[in-house]
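Enquirer: next input, structure requested:
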Amino acid sequence: MKKLYTRIVLGALLSVLFSVNSYGQTIQLGSGTSTTSTYSSSPVNIWYRNTVCQIVYTAAEINAQGVYGPTDLLELGFYIASSPLYDLPSYTIKMGNTASGNVASALNTTGWTTVKNGFTYSPTAGGYDMITLDTPFSWNGTDNIGIEICWSFVPSYNASGSVRYYSTSSGYRYSWSDYTTMCGYTPASSNSYKPQVQLVFLPPIPFNAGISEISSPVIPTCELDSTVSTVLVNSGTDSLYEATVYYAVNGVTQGSSTWTGALGTGETSSTISLGSYTFNEGDILTIWNDPVLNGASANLDGDSSNDTIEITVKSGLSGVYTVDLSGSGDYTDFSSGLADALLYGVCDTVIFEGQGGIWNEQLSLETAPNQSASMPIIFRSASGSAATDTINYDGSGNSSFAVDFNDADHFHFENLSLVNTYGNVITIGNGSDSNVVSGCNLITDVTTTTSTSNAVVYSSGSNDVGNSFIDNYIEGGSYGFYWYGSSSSSLEAGTVIEGNTIKDPYYMGIASYYQDAVNISHNKISSGSSYTSGYGIYLYYNDNHIVVDGNHVFPDSTTTNWPYYGMRIYYCDAQFPASSEIKNNRVVLGGTSTSTRYGMYPYYSDFQTYTNNTVIISAGSTGSRALYHYYGDYNTYYNNAYINLADGYAAYYYSSNSILASDNNAWFSTNMSNLGYASGTVTNLAGFQSGLGMDVNSVVADPIVSDTVNAIFCADSLNNAGRPSIAMYDYEGEMRSSTTPDIGANEYQSAADFNVFDDFVICDNSDSTFTLAYNYDYVLWGTAMDTATSYTVSQAGQYYVQAVGACGTFLDTAQVYAQEQPTLPFNMNICADEVTQISSGITNPAMVSWSTGATTDSIDISAAGVYTVETVDTVGCYSIDSVNVTQSPE
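Expert: Numbering: from 1, shown residues only. This next block holds a predicted model:
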């Protein structure tokens, strides 16, 4: 209610406040010319890109300047010695009454009032730069005033921005960062540089009643028939005993009620009923109190600024709203639709559907009233294609994003292009939960910076729970995803990054920090970056049952050296029995580099299960390692292929005693004297078995790599050489053998193992369908080119199948034989004394049985009757036939 009121009557309220301010009490706390360094934190300093800070101004020092409460604080301003280079985006001020006299410890801000909400602040140097509060702060007159200030990221850190201060022990507390969002963060450091401040208070007023809230109708509303009720507040220094409250609709007074009771300073009344009214969409409801208080004209209300509340009554949004640049839809841009949802709330699922075009705008999201998992807000294209509808931001300004989720829950983006020409495309923070981005193009410029300011998807420093990114195309930036939870002691849960194509990140494809049971699966990550320390996937303190399944990390050309590190698993700990699942991944490090590179790099990680991964290094130094296992405990390795085609290590186990179990793996290096390390140099299979104390069924053999980029190999020795594992399906989604799966990310068929069908017989005109067990580039069944994996045979003949894939061309043939049926006539007649012979008609039958008991192919007939024959032909098909024989009289 308070948020809605602020939006609707803000302009009127501010004009009232300015008139009151001319009679306000203005004081200054602190003196002197001492100035903070431009390298030191202050409420305007940007040596780090964003800051949270806390300050306490005591009741004693306020009283010493002649101000006593209770009263309202209307304005504050710090003495700005020098301005920062950039404006401060989303500058937010919270205040609270506190017993703390300093900030030796961080202040508990629960229940504090946001008095200035997220504006762009341009500090002006040379004096007290006054900020008028959106919501006056009600100081109780006895406690001290606590202040917390934070802002969002400026474009770049800079040694600029300073204030005058006065030295006070633990007078200023702060935290700042270039990467972690500080709003919502508890400040950790303190110093004595307490900023000098100027405060403007409302003078104490003996009689001051006000409308605290409109209790009914509740906005958002999904029902326009409503009672009208309100709550009074006493903001005066004298007690309030009586007040009359009125309400009007569209300027016409509808009724009133006189409240009586007893309210001390700062106390509120119970709900006051004013009547009932059937509202129409867009009606303006006004509630105000009479200036005559306590039943006496001498007791006039001394402050009219809080006497009136006015709202527009409108149902919450629901259903589909068209967004059309031509003006023929419900909205011309997405921002306008969002603004209505935030103002009026939602009553059901809301869909903003683009009708095609490019919208040059930013979306700043926050949760709308009533918005929930069952009533989300969805932005999507009507066409179902991201190519037709684009939200584009030109990268200018201090808040560089196309879409920002700020404490925003239950939003979906579907099949849209989101573009920022420079900077982040999506930013998520401050507890934004349960959002889904799917089927979208997320695009920013290809860059040469590692700054997180250019990450395509950026989230940092807060716990944002249950967010999913599915089947998106992500291009450019320093990172594809920079996804950063709160800390190792407060993990972020429910993140899903699945099915995305991530192209041309300069530094990292996916960087995932401080996550609980993250799911990173089926993503294709490639780049042409020249950066010499690039990562495909970097997992940092991703704990519990993480799933990293079916990802493909690879360079975008034969000369590209990105990534230098394929997949790093850093301090990631699961718990027994729910080990992590790192499976079916293809990791390829190619190019022409001669540097040391690591394909898969687990580092001090516990209870990790690695199964059916393929890692190939085709360029690098002899110190490069397809697998570099560094400490950790209770890790298992099954069915993995670690291949080094650059004379480096296939696998380097720095601490082999940290492995719980390992078997059915394959290792290969083009320099077998440098095959691996496990408690010493390894040059053959026996060396791994001895060094690890396991891997009885593992293999050291040339895998015969046929497609380096796609990590495909074809050796018979790795085919059917695995063991059953958690990887029931391979990288391409094909079902693995339940007994003898292949080693590596892909199930494949070797030439020796290609057997589709044998010679067979078609009996009783039945069909037979044959299915290939694997996917191939193309298939030739008989004489028809067909990529289908199945083919149905319904008649005799010579059949063949030819399949072409990464492992070569395969051929199988079969002769199909047809059933031979008996050829008895349906009816026949013989003369009275005639003897005739009938035959089954089968060529060299394997079995004949007549109803007469005869087992010969032919029998003699001399009498009328029904004669039946059962046969089995030369190919084994059973048949039965009969003939009805009649006989002429003599």
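
Enquirer: does Arg568 touch Tyr535 like I think?
Expert: Yes - at 6.2 Å, Arg568 counts as touching Tyr535 under the criterion of Cβ atoms under 8 Å. Using the backbone N, CA and C atoms, a C-beta is placed for each residue, glycine as well.

Enquirer: in stretch 708-717, which residues are buried?
Expert: Thr708, Val709, Asn710, Ala711, Ile712, Phe713, Cys714, Ala715 (16 or more other Cβ atoms under 10 Å).

Enquirer: now render those residues as a markdown table, adding pLDDT.
Expert: Converted to a markdown table, those look like this (pLDDT from 0 to 100):
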| residue | pLDDT |
| --- | --- |
| Thr708 | 93 |
| Val709 | 94 |
| Asn710 | 93 |
| Ala711 | 92 |
| Ile712 | 91 |
| Phe713 | 92 |
| Cys714 | 87 |
| Ala715 | 90 |
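
Enquirer: ok, those residues vs Ala796, which is closest?
Expert: Set against Ala796, the nearest of the buried residues of stretch 708-717 by Cβ to Cβ is Cys714 (34.7 Å).

Enquirer: next, find the distance separating the closest one from Val705.
Expert: 8 Å (Cβ to Cβ, to the nearest Å).

Enquirer: repeat for Gly236
Expert: Distance, Gly236 to Val705, using Cβ to Cβ: 84 Å.

Enquirer: so between these two, which is more surrounded?
Expert: A direct count of neighbours by other Cβ atoms under 10 Å for Gly236 and Val705 places Gly236 higher, at 24 against 20.

Enquirer: the more buried one should be in a strand, yeah?
Expert: No - looking at Gly236 with DSSP: H, G, I helix; E, B strand; the rest coil, it is coil, so not inside a strand.

Enquirer: ok, the residue lying closest to it once chain neighbours are set aside - how many residues close by?
Expert: Closest residue to Gly236 apart from its sequence neighbours, by Cβ to Cβ, 6 or more residues apart in numbering: Asn208 at 3.6 Å. Around Asn208 sit 25 other residues, with neighbours defined as other Cβ under 10 Å.

Enquirer: contact partners for Asn208?
Expert: Asn234, Ser235, Gly236, Thr237, Asp301, Gly302, Asp303, Asn306 (Cβ atoms under 8 Å, 6 or more residues apart in numbering).

Enquirer: may I ask which two of these are separated the most?
Expert: Of all pairs in the contacts of Asn208, the most separated under Cβ to Cβ is Thr237 and Asn306 at 14.7 Å.

Enquirer: just give the nearest non-adjacent residue to Leu811, would you?
Expert: Per Cβ to Cβ, 6+ apart, closest to Leu811 is Gln802, 5.2 Å.

Enquirer: in this structure that neighbour contacts Phe810, no?
Expert: Yes - counting by Cβ under 8 Å, Gln802 sits close enough to Phe810 to count as a contact (7.0 Å).

Enquirer: which stretch of helix or strand covers the closest residue to Gly782 other than its chain neighbours?
Expert: Spatial nearest neighbour of Gly782, chain neighbours left out: Tyr799 (6.0 Å); criterion: Cβ to Cβ, 6+ apart. Tyr799 is located in strand 797-805, with elements delineated by DSSP states H and E.

Enquirer: next structured bit after that strand?
Expert: Following strand 797-805 in sequence order, the next helix or strand is strand 808-818 (DSSP H and E).

Enquirer: mind listing what that next one pairs with, with the direction of each?
Expert: strand 760-762 (parallel), strand 797-805 (antiparallel) (DSSP bridges).

Enquirer: and Met735, which of those strands is closest to it?
Expert: strand 797-805 (17.3 Å).

Enquirer: residues of the closest one that come out buried?
Expert: For strand 797-805, by 16+ other Cβ under 10 Å, it's Tyr799, Val801, Gln802, Ala803, Gly805.

Enquirer: quick one, what contacts the third one?
Expert: Meaning Gln802. Here Gln802 is in contact with Val779, Leu780, Thr809, Phe810, Leu811 (Cβ under 8 Å, 6+ apart).
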